[in-house]
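In: Need coordinates for the below:
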Amino acid sequence: MKTEKILGQITSVESFKGTENCLVVGTWLNDFEITGVLGEGGFGVVYLAFDHSLQRTVAIKEYMPGTLAGRAVDGSVAVRAERHKTTFDAGLKSFINEARLLAQFDHPSLIKVYRFWEKNKTAYMAMRYYDGETLKDIVKNRPELITEVWLKFIFKQILEALDTLYKAKILHRDVSPDNIIVQKNGDAVLLDFGSARQIIGDMTQGLTVILKPGYAPVEQYSDDEDLQQGPWTDIYALAAVMYFMILKTPPPMAVARIVKDSLVPLQDGKHPGFSEKFLMAVDKGLAIQPRDRPQSMDEFRRQLGISAFVSARHSRSGGAIHTAEILSDTDEVAKVARIRNAPYTAALPSTQYGQEHRSAISKENRLRAIVIATVSGLILLAGI
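Out: Below you'll find the model as predicted:
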């Protein structure tokens, strides 16, 4: 595979200085010394660090929702206003839950969490440092990599990782081009769930904060518990990422498509090097109605023409993870974690997916009304 040859020539990712919300280089967090800032978003900071105990380079993610809190003089994280404290605390608990969840998995395409802890009135997770580029960066900087054979190689790994999550009754719901990294050796890794962002977005009623336009299917825009989410939800996002990789632009927003579908199917265009079977499978994954998409990772894999998964992966404990136990000490998060936005909501067992999904089909008219209302709300938010 030419991935290793092309990405292997890239020098290691350089860190940047970061804003005043970032810890300064040289700061120690237990046995870890901060050596740089890898990235900073609205809800967290990712640092490059050296583990002096085990003598290895790691990445450390810090919970830092910049809209709710800032960095105090002593290095701790301080909430900007008392009215934000409940939301901040809920996001913090969700961040810790995600770290605890990921730490239980041992899959090469799921981010590896070594440990997590609370300090500075916030929380941290130490993770394996992945040296590579996101799919978003590859589209911009390495478009020569993108062929059908290469996409099948990359997405077989991601589909298997998601299938592992489903066996533990967990949905990801945050798949996007900047959430998948390809290492220099060609191995792909699905990054974190962005759970704190989703919880905060829910509590502040910020749909535009939670969802990534173009990659979120229509059922994620509704908080109606009758509109079930399942593997088909992540399949839409996966198909949207493939669409982006081929056309260099994401599909139109799902909520806009249900009113007037402006998406041009891939199979209707000319895409040299891509088979009709592969393009048709991507189009199928982008179906507006959930029932029209593949209902499992295995079904989607077969439609794409990807070979069978190597093996089923489990958590390090050797069995399925029961999310109710994970959430038992986080009542506040559990209270706000509705189906639309809670990354730890237990998905239905595979034998129940079809039955529950079919029962939701009769509610299409209701869905259409909800989506139209959502579009109107988004337009109003944009105006504000």
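
In: can you tell me the helix or strand for residue 139?
Out: Here residue 139 sits within helix 135-141, counting by DSSP states H and E.

In: helices and strands around that helix, which ones?
Out: On a contact count with 3 or more Cβ pairs under 8 Å, 6 or more residues apart in numbering; DSSP states H and E, helix 135-141 meets strand 180-183, helix 231-247. Every C-beta, even on glycine, is put in place using the N, C-alpha and C of the backbone.

In: Let's see that with 10 Å instead.
Out: If you count contacts as 3 or more Cβ pairs under 10 Å, 6 or more residues apart in numbering; DSSP states H and E, helix 135-141 packs onto helix 3-7, strand 132-134, helix 148-167, strand 180-183, helix 231-247.

In: quick check: mean pLDDT across the last one?
Out: If I follow you right, that is helix 231-247. For helix 231-247, the mean per-residue pLDDT is 97.

In: Check the offset of whichever helix or strand comes after it from the chain's centre.
Out: Per DSSP H and E, the first helix or strand lying C-terminal to helix 231-247 is helix 254-259. Relative to its chain's centre, helix 254-259 lies at 22 Å (Cα atoms, centre = their mean, to the nearest Å).

In: Now do the buried residues in helix 254-259.
Out: Applying a neighbour-count criterion of 16 or more other Cβ atoms under 10 Å, one finds 254-258 buried in helix 254-259.

In: With residue 92 as the reference, measure out to residue 123.
Out: Distance of residue 123 to residue 92, computed by Cβ to Cβ, to the nearest Å: 6 Å.

In: Same check on residue 69?
Out: Counting by Cβ to Cβ, the gap from residue 69 to residue 92 is 10 Å.

In: where do the contact lists of the two overlap?
Out: Each of 63, 77, 121-122 lies in contact with both residue 69 and residue 92 under the rule Cβ atoms under 10 Å, 6 or more residues apart in numbering.

In: centre of the chain versus the helix holding residue 139, how much separation?
Out: The chain centre lies 17 Å from the centre of helix 135-141; the measure is Cα atoms, centre = their mean.

In: Show the average pLDDT along it.
Out: Across helix 135-141, the average pLDDT comes to 96.

In: which one of the buried residues of helix 254-259 is nearest residue 154?
Out: Nearest to residue 154 among the buried residues of helix 254-259 is residue 254, at 23.3 Å by Cβ to Cβ.

In: Could you verify my assumption that that closest one touches residue 215?
Out: Yes: using Cβ atoms under 10 Å, residue 254 is in contact with residue 215, at 8.8 Å.

In: can I assume residue 43 is in contact with residue 63?
Out: Yes: at 7.4 Å, residue 43 and residue 63 qualify as touching, with contact defined as Cβ under 10 Å.

In: Specify which residue of those two has the higher count of neighbours.
Out: Taking neighbours as other Cβ atoms under 10 Å, residue 43 and residue 63 compare with residue 63 leading, 26 against 22.

In: how near is the closest residue to the more buried one other than its chain neighbours to residue 114?
Out: Excluding the flanking residues, the one nearest residue 63 by Cβ to Cβ, 6 or more residues apart in numbering is residue 95, at 4.3 Å. According to Cβ to Cβ, residue 95 stands 16 Å off from residue 114.

In: between those two, which one's more packed in?
Out: Each of residue 95 and residue 114 had its neighbours counted (other Cβ under 10 Å), and the higher figure belongs to residue 95 (32 against 16).

In: The more buried one falls within a helix, correct?
Out: Yes: under DSSP: H, G, I helix; E, B strand; the rest coil, residue 95 falls within a helix.

In: mean confidence score for stretch 257-268?
Out: Per-region confidence: stretch 257-268 scores 93 on mean pLDDT.

In: in the stretch 51-200 of the chain, which spans are strands?
Out: Taking DSSP state E, counting those that start in this stretch, the strands of the stretch 51-200 of the chain run over residues 56-63, 69-71, 77-79, 113-119, 122-128, 132-134, 180-183, 188-190.

In: May I have the strands that pair with the fourth one, each with its orientation?
Out: When you say that, I think you mean strand 113-119. strand 122-128 (antiparallel) (DSSP bridges).

In: Can you report how many residues lie near residue 127?
Out: So residue 127, with other Cβ under 10 Å, has 23 neighbours.

In: ugh, typo on my part, it should be residue 42
Out: For residue 42, the count of nearby residues is 12 (other Cβ under 10 Å).

In: just residue 129 next, same as before
Out: Number of residues near residue 129 (other Cβ under 10 Å) recorded here: 19.

In: Quickly note the distance from it to residue 310.
Out: Distance from residue 129 to residue 310, by Cβ to Cβ: 25 Å.

In: Quick check: residue 159 touching residue 109?
Out: Yes: Residue 159 is within contact range of residue 109, at 9.1 Å (criterion: Cβ under 10 Å).

In: Rounded mean pLDDT for stretch 306-318, please.
Out: Over the span of stretch 306-318, the pLDDT mean works out to 62.

In: Just the pLDDT at the closest residue to residue 275 other than its chain neighbours, thanks.
Out: Residue nearest to residue 275 in three dimensions, not counting chain neighbours: residue 148, with 6.2 Å by Cβ to Cβ, 6+ apart. On pLDDT, residue 148 comes in at 97.

In: Name all residues that make contact with residue 148.
Out: By Cβ under 10 Å, 6+ apart, the residues touching residue 148 are 242, 246, 271, 273-275, 277-279, 304-305.

In: let's see 8 Å
Out: By Cβ atoms under 8 Å, 6 or more residues apart in numbering, the contact list for residue 148 reads 273-275, 278.

In: Filter the residues you listed down to the buried ones.
Out: Among those, the ones that count as buried (16+ other Cβ under 10 Å) are 274, 278.

In: Identify those among the contacts of residue 148 that sit within helices.
Out: Judged by DSSP state H, the subset of the contacts of residue 148 located in helices is residue 278.

In: Can you tell me which of the contacts of residue 148 lies closest to residue 173?
Out: Proximity of the contacts of residue 148 to residue 173, judged by Cβ to Cβ, is greatest for residue 278, which lies at 24.6 Å.

In: That's all I had, so thanks and see you.
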